[in-house]
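1. Sequence and predicted structure are below.
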Amino acid sequence: MILSVSRRTDIPCFYADWLYNRLKAGAVYTRNPMNHEQVSKVLLSPEVVDCIVFWSKDPAPLMPYLERIGKMGYAFYFQFTLTPYGRTLEPYLRDKNEIEETFLSLSRRIGKERMLWRYDPVVLNEAFTVKYHKEQFVRLCEKLHPYTESVTISFVDLYSKLKTELIRPVSEGEIRELGAYMGQTARNYGLVPKACCEQADLSVFGFEKASCIDKRLIEQLCGCPLDVPVDKNQRPGCGCCESVDIGAYNTCLNGCVYCYASAGEESARKRAARHDPEGELLVGSLLPDEKVVLRKAKSLKRKQVSFFDGN
């Protein structure tokens, strides 16, 4: 099983204590986001969890636990989102200069092969222009390229509930201009440019299709092949393999105005207030009459076949 921590909320930033407690306990409860009454128990033993994929904009609170998590037998890597926006779009993140230094520090500790940089989403408005993105992207490539091997981009999606004058549609011409510039710039710094679920064909600018839950990388970390299917529950064009997400929507406190996983700051804070670091659920608790179903899970490793024998 591959554990996603988490597409739904920033667990490394806000719930690191809880995550470590759950790993020690060997299990976690999760609610189905489409059916609140459906609660699953997910086993977290290293014998079952082949790899943990951490998603975060600021994983500094998790960093004190990483050595212990590694010694427990877990393989892991990071999807680290680092964008050049200030508090107009990401109001509650730490100073970006400090987060950039966290990126460098984390990479030194775990290795650049386990640091997947995300410049995501690309937002354009009166302040964040094409020119601004070109300047900031090359600056970040210059600073981060010794500490990562790739950069993943996607252009902002204007989904129905997103209502703000801070974000406007991105034109086809802007996508092509930035795609060409970012693809070439990334390659100039030795980075592999990847595109995440983009409708526009950026392969003409050297972009690969992103696989954020990356089978190839996980096999390298595990040292053996995995029998894992493509994740059919993601957006069209997603290259991810199947994983189990233990996060909960509407619990992230970063306040990013473009976030698809939040119903707003007030709602997220009310839900987060129900968090217990010792709890089995990320937020709230089980009702007396609620039933928990054990989710079937097993290691996906093909241990009988050498990863290096060509099979």
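-> All right, it came through fine. Given the structure is predicted, the values throughout are model-derived calculations rather than measurements.
2. chain center to stretch 8-17: distance?
-> 11 Å (C-alpha atoms, centre = their mean, to the nearest Å).
3. Show the residue spans covered by the helices in this protein.
-> 11-14, 16-25, 66-71, 96-110, 130-144, 172-188, 215-222, 265-272 (DSSP state H).
4. Listing request: residues of this structure with sub-threshold pLDDT.
-> Within the chain, the ranges that satisfy pLDDT under 70 run 160-161, 304-311.
5. could I get the helices of the chain as TSV with distance to V151 and mean neighbour count?
-> (Glycine included, C-beta is placed from N, CA and C.) Listed next are the helices of the chain as TSV, based on distance: least, C-beta to C-beta, whole Å; neighbours: other C-beta atoms under 10 Å:
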stretch	distance to V151	mean neighbour count
helix 11-14	20	24
helix 16-25	25	19
helix 66-71	22	14
helix 96-110	12	16
helix 130-144	7	16
helix 172-188	5	17
helix 215-222	15	18
helix 265-272	28	15
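6. now the ones you listed as a markdown table including distance to L43?
-> Below are these laid out as a markdown table (distance: least, C-beta to C-beta, whole Å):
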| stretch | distance to L43 |
| --- | --- |
| helix 11-14 | 18 |
| helix 16-25 | 10 |
| helix 66-71 | 16 |
| helix 96-110 | 25 |
| helix 130-144 | 36 |
| helix 172-188 | 39 |
| helix 215-222 | 18 |
| helix 265-272 | 25 |
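7. which one is the residue nearest the centre of the chain nearest to, not counting chain neighbours?
-> Geometric centre of the chain, nearest residue: W55, 2.8 Å, by C-alpha atoms, centre = their mean. Using C-beta to C-beta, 6 or more residues apart in numbering and skipping the chain neighbours, the partner closest in space to W55 is Q79 (4.6 Å).
8. which residues does the one you found form a beta bridge with?
-> Beta bridges link Q79 to W55, L116 when assigned by DSSP bridges.
9. ranges for the strands of the chain?
-> Ranges of strands within the chain are 2-5, 27-32, 35-43, 51-56, 76-81, 115-122, 150-155, 192-195, 208-209, 244-245, 292-294, based on DSSP state E.
10. Which among those strands is found nearest to L300?
-> Proximity to L300 (C-beta to C-beta) singles out strand 2-5 among the strands of the chain, at 7.2 Å.
11. in the closest one, what counts as buried?
-> For strand 2-5, the neighbour count (16 or more other C-beta atoms under 10 Å) marks I2, L3, S4, V5 as buried.
12. re earlier: for D157, which of the helices of the chain is the nearest?
-> helix 172-188 (12.5 Å).
13. what angle sits between that closest one and helix 130-144?
-> 20 degrees (axes from the mean of the first three to the mean of the last three C-alpha atoms, to 10 degrees).
14. Give the full set of residues in contact with the residue lying closest to T102 once chain neighbours are set aside.
-> Nearest non-adjacent residue to T102, counting by C-beta to C-beta, 6+ apart: A60, 5.0 Å away. Residues near A60 by C-beta atoms under 8 Å, 6 or more residues apart in numbering: C13, R94, I99, T102.
15. So which of the residues you listed is the closest to E37?
-> C13 (28.6 Å).
16. Quick check: the closest one touching M63?
-> No. When contacts are counted by C-beta atoms under 8 Å, C13 is not listed as touching M63 (10.9 Å).
17. quick revisit: I'd assumed C212 was in contact with the residue nearest to W55.
-> Yes. With contact defined as C-beta under 8 Å, Q79 counts as touching C212 (5.6 Å).
18. picking that back up, can you tell which of the strands of the chain is closest to E165?
-> strand 115-122 (16.6 Å).
19. Determine the set of other helices and strands touching the closest one.
-> Packing partners of strand 115-122 (3 or more C-beta pairs under 8 Å, 6 or more residues apart in numbering; DSSP states H and E): strand 76-81, helix 96-110, helix 130-144, strand 150-155.
20. Figure out which of these is closest to L217.
-> Nearest of these (C-beta to C-beta): strand 76-81, 6.5 Å.
21. got the contact list for A297?
-> So A297 contacts M1, V42, L43, V48, V244 (C-beta under 8 Å, 6+ apart).
22. if you set the cut-off to 6 Å instead, what comes out?
-> M1, L43, V48 (C-beta atoms under 6 Å, 6 or more residues apart in numbering).
23. Of those residues, which is the most crowded?
-> M1 (20 neighbours; other C-beta atoms under 10 Å).
24. how close does the nearest residue to that residue once chain neighbours are set aside sit to M72?
-> Computed as C-beta to C-beta, 6+ apart, the closest residue to M1 that is not its neighbour in sequence is A297, at 4.5 Å. As judged by C-beta to C-beta, to the nearest Å, A297 and M72 stand 17 Å apart.
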